[in-house]
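# Give me the fold of what follows.
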Amino acid sequence: MTSRHPSLAPTRRRNGPTHRPRRPARAAHRLRLHASVVMLALACSGSALGADPARLDARPVLSPEPVAVAAAPADVQSDAERATPSPPEDERFSLHYQATVATQWHPSFHAGYSGKNSLQPGDEAATSVVMDLFGGARLWRGAEVYLQPELAGGRGLSSTLGVAAFPSGEVYRVGDPTPTLVVGRAFLRQTIGLGGGPTRVEPGPNQLAGTRDRDALTVTFGKVATTDFVDRVPLTGDPHAQLMSWGLWASAAYDYPADTRGYTYGAAADLSIAWWSVRAGLFLEPKTANGMELEWDVAKARGLAGEFEGRYTVAGLPGAARALLFLDTAHMGSYEEALAESPASPDVTATRANGRTKYGFAASANQDLGSGLGAFLRVSYNDGRNETWAFTEIDRSIAAGLVQAGSRWGRPDDEAGLGVVVSGLSDPHRRYLAAGGYGFLIGDGALSYAPEILAEVYYRLALTREVSVGANYQPIFHPAYNADRGPAHVFTGRVHVAF
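Here you go, the predicted model:
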């Protein structure tokens, strides 16, 4: 919600609106249980795998980002180059693991009124746990297959309701907090080399180490997350270990195709040549808004996305920029029709019809600023005429932030970051909520409209290369776009294991 996502985007971790939030005592008991499960899994499997990760996060990668490998002829290599060990052989199999336990809490805040989809104004806490096992195998030249079982449970604050840029990318929209085992990803990837010299692909979740051509066409089929392929910003895309708000790890106005848990089936292609890449994909939409069941008839419903990425350097420091266009088609309802049919109590679900669309764009950039500091920017927009279908109720969004590696203060595996996201609604969407309408995520029964503003700051402390703990703070102004509610202040404690 994954995640995010993903990315474990994802992703992608949101609870249904019909369930009451967990009682604090039960949340504390489950947190102890989940933490015990994480530590037990680490103790049983960490030493057996003998992993030596280069990073603390275990973010799955479906569009590999190779690193150049020197390829000078042997007769012109220096003594130092000849003494450098050659890259290891291509991995035939890989196995990685991640587990994250996060507890969020907010104290009481002002609320002029509340509705059925409001963030509760009284103080509350909620705990989530997500575990993933990433398995991969090389089949034939350029072909790889991956399977990712996922165990996830818990819920978000107020059953993951009441904030558009919700503060935890670790929670799903499913209502049952009982840990459930599902197949998150299961896909086949075929890479066709197109020259440009050899490059090194680093080992990682859903990525086998090895060498390949710099220029390549990569095609993927199977169960995936849409944000594995497009809208990927390296500094912010992993809510397990980085910024957690939905509006920061994804371009929030991109209502990307996904089931309730953040996954879908689809096909995508990535053509990378030298400094640029072009990507495109077709993905299945859910049959209903915020639904688990996917519509397999692509003539009725589908999500289309295309993205261009350019990579560059500024003063010798690398950066990248992306432009994404998307078109979603599904059995959506219309905000204008809902208001026309029932001005006093509109219901967008009563106006659903086949062939409704949502289109828009997302643009993003990231830039290395030197000394372990990086910056990112996201801007996204959708037309906002028809109901939010799969991600979150945001029609316009701008987000920016900074991420600093701990090497600046002598702790290279630590990380600190901050971000701000400002979210808005289309005119029909805001009038619908002001008239008392509800979406699947927000709705206070009335609305004094103002842009929703969420800021986030975090620190991740590495205990070992495999285990980290972190703390996040998020002030939220005008939650669910309502000037009559808030501000709310959300505090998070996080334990993350990855190898």
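# and residue 182, what is it in contact with?
Counting by C-beta atoms under 8 Å, 6 or more residues apart in numbering, residue 182 touches 149-150, 152, 261. C-betas here are computed from N, CA, C, even on glycine.
# Tell me what it is bridged to.
Counting by DSSP bridges, residue 182 forms beta bridges with residue 150.
# now it: how far from residue 225?
Applying C-beta to C-beta, to the nearest Å, the value for residue 182 to residue 225 is 13 Å.
# from the contacts of residue 182, which is closest to residue 353?
For the contacts of residue 182, the minimum distance to residue 353 (C-beta to C-beta) is 26.3 Å, reached by residue 261.
# Check what pLDDT that closest one gets.
Residue 261 carries a pLDDT value of 91.
# same check, this time on residue 403
97.
# Repeat that for residue 6.
39.
# Burial check on residue 171, number of neighbours?
By the criterion of other C-beta atoms under 10 Å, residue 171 has 31 neighbours.
# Next, find the distance separating the residue nearest to it when sequence neighbours are not counted from residue 128.
Of all residues not flanking residue 171 in the chain, residue 156 sits nearest, at 3.7 Å (C-beta to C-beta, 6 or more residues apart in numbering). Between residue 156 and residue 128 the computed distance is 7 Å (C-beta to C-beta).
# Check residue 492 too.
In terms of C-beta to C-beta, residue 492 sits 10 Å off from residue 128.
# can you check residue 464 too?
23 Å.
# Compare these two (neighbour count), which wins?
Legend: neighbour count by other C-beta under 10 Å for residue 464 and residue 128, higher for residue 128 (28 against 12).
# which residues do residue 492 and residue 128 both contact?
By C-beta under 8 Å, 6+ apart, the residues touching both residue 492 and residue 128 are 102, 168.
# what ranges do the helices span in this structure?
Secondary structure of the chain (DSSP state H): helices located at 24-49, 79-83, 246-249, 335-341, 427-434.
# Average pLDDT for the shortest one, rounded please.
Looking back up the chat, that one is helix 246-249. Rounded mean pLDDT across helix 246-249 is 96.
# And it, what does it pack against?
strand 396-405, strand 415-424, strand 452-462 (3 or more C-beta pairs under 8 Å, 6 or more residues apart in numbering; DSSP states H and E).
# Who is the residue lying closest to residue 317 once chain neighbours are set aside paired with across the strands?
Of all residues not flanking residue 317 in the chain, residue 368 sits nearest, at 4.4 Å (C-beta to C-beta, 6+ apart). Beta-bridge pairing for residue 368 (DSSP bridges): residue 374.
# Around residue 99, how many other residues sit close by?
Neighbourhood size, residue 99 [other C-beta under 10 Å]: 24.
# Which strand residues bridge residue 136?
residue 94, residue 146.
# picking up where we left off before, how about the helices and strands packed on helix 246-249 in a markdown table, adding mean neighbour count?
Below are the helices and strands packed on helix 246-249 laid out as a markdown table (neighbours: other C-beta atoms under 10 Å):
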| stretch | mean neighbour count |
| --- | --- |
| strand 396-405 | 21 |
| strand 415-424 | 22 |
| strand 452-462 | 20 |
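# JSON lines for the ones you listed, including distance to residue 315?
Shown next, in JSON lines, are those (distance: least, C-beta to C-beta, whole Å):
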{"stretch": "strand 396-405", "distance to residue 315": "17"}
{"stretch": "strand 415-424", "distance to residue 315": "22"}
{"stretch": "strand 452-462", "distance to residue 315": "27"}
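# Which among these is found nearest to residue 469?
Of the helices and strands packed on helix 246-249, nearest to residue 469 by C-beta to C-beta is strand 452-462, at 5.4 Å.
# other SSEs contacting that closest one?
helix 246-249, strand 415-424, strand 467-477, strand 488-498.
# from the chain's centre, how far out does the shortest one sit?
How far helix 246-249 lies from its chain's middle: 7 Å, per C-alpha atoms, centre = their mean, to the nearest Å.
# residues of it that come out buried?
The neighbour-count check on helix 246-249 (16 or more other C-beta atoms under 10 Å) flags 246-249 as buried.
# Need these in JSON lines (columns: distance to residue 140).
JSON lines is the format used below for the buried residues of helix 246-249 (distance: C-beta to C-beta, whole Å):
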{"residue": "246", "distance to residue 140": "39"}
{"residue": "247", "distance to residue 140": "41"}
{"residue": "248", "distance to residue 140": "39"}
{"residue": "249", "distance to residue 140": "35"}
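# ok, those vs residue 453, which is closest?
Distances from residue 453 to the buried residues of helix 246-249, taken by C-beta to C-beta, are shortest for residue 247, at 9.8 Å.
# show me the contacts for the closest one.
So residue 247 contacts 164-165, 392, 394, 397, 399, 421, 423, 454 (C-beta under 8 Å, 6+ apart).
# for residue 411, same thing?
461-462.
# in the sheet, who's paired with residue 361?
Applying DSSP bridges, one finds that residue 361 bridges with residue 325, residue 381.
# What is the neighbour count of it?
Neighbour number of residue 361 under other C-beta under 10 Å is 16.
# Please verify my assumption that it contacts residue 383.
No. Assessed by C-beta atoms under 8 Å, residue 361 is found out of contact with residue 383, at 10.4 Å.
# show me where the stretch 51-200 of the chain has strands.
Taking DSSP state E, counting those that start in this stretch as the test, the strands found in the stretch 51-200 of the chain are 67-68, 93-106, 124-138, 143-154, 180-193, 198-201.
# just the stretch 201-350 of the chain next, same as before
Under DSSP E, counting those that start in this stretch, the stretch 201-350 of the chain gives strands at 210-213, 216-224, 264-273, 276-283, 302-314, 317-330.
# in the longest one, what counts as buried?
Neighbour-count burial for strand 317-330, with 16+ other C-beta under 10 Å as criterion, is recorded at 319-320, 322, 324, 326, 328-330.
# Return the list of helices and strands in contact with it.
strand 302-314, strand 356-370.
# Send me it as PDB with only the CA atoms.
Below are the C-alpha coordinates for strand 317-330, written out as PDB (Å, rounded to 0.1, in the frame of the first residue of the first chain):
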ATOM      1  CA  LEU A 317      25.500  15.400  -9.100                       C
ATOM      2  CA  PRO A 318      22.900  13.000 -10.500                       C
ATOM      3  CA  GLY A 319      19.200  13.700 -10.800                       C
ATOM      4  CA  ALA A 320      16.100  12.500 -12.700                       C
ATOM      5  CA  ALA A 321      12.700  13.800 -13.800                       C
ATOM      6  CA  ARG A 322       9.500  12.000 -14.900                       C
ATOM      7  CA  ALA A 323       6.300  12.900 -16.600                       C
ATOM      8  CA  LEU A 324       3.300  10.400 -16.300                       C
ATOM      9  CA  LEU A 325      -0.100  10.400 -18.100                       C
ATOM     10  CA  PHE A 326      -2.900   8.100 -17.000                       C
ATOM     11  CA  LEU A 327      -6.400   7.200 -18.000                       C
ATOM     12  CA  ASP A 328      -8.600   5.000 -15.800                       C
ATOM     13  CA  THR A 329     -11.900   3.500 -17.000                       C
ATOM     14  CA  ALA A 330     -14.300   1.900 -14.500                       C
END
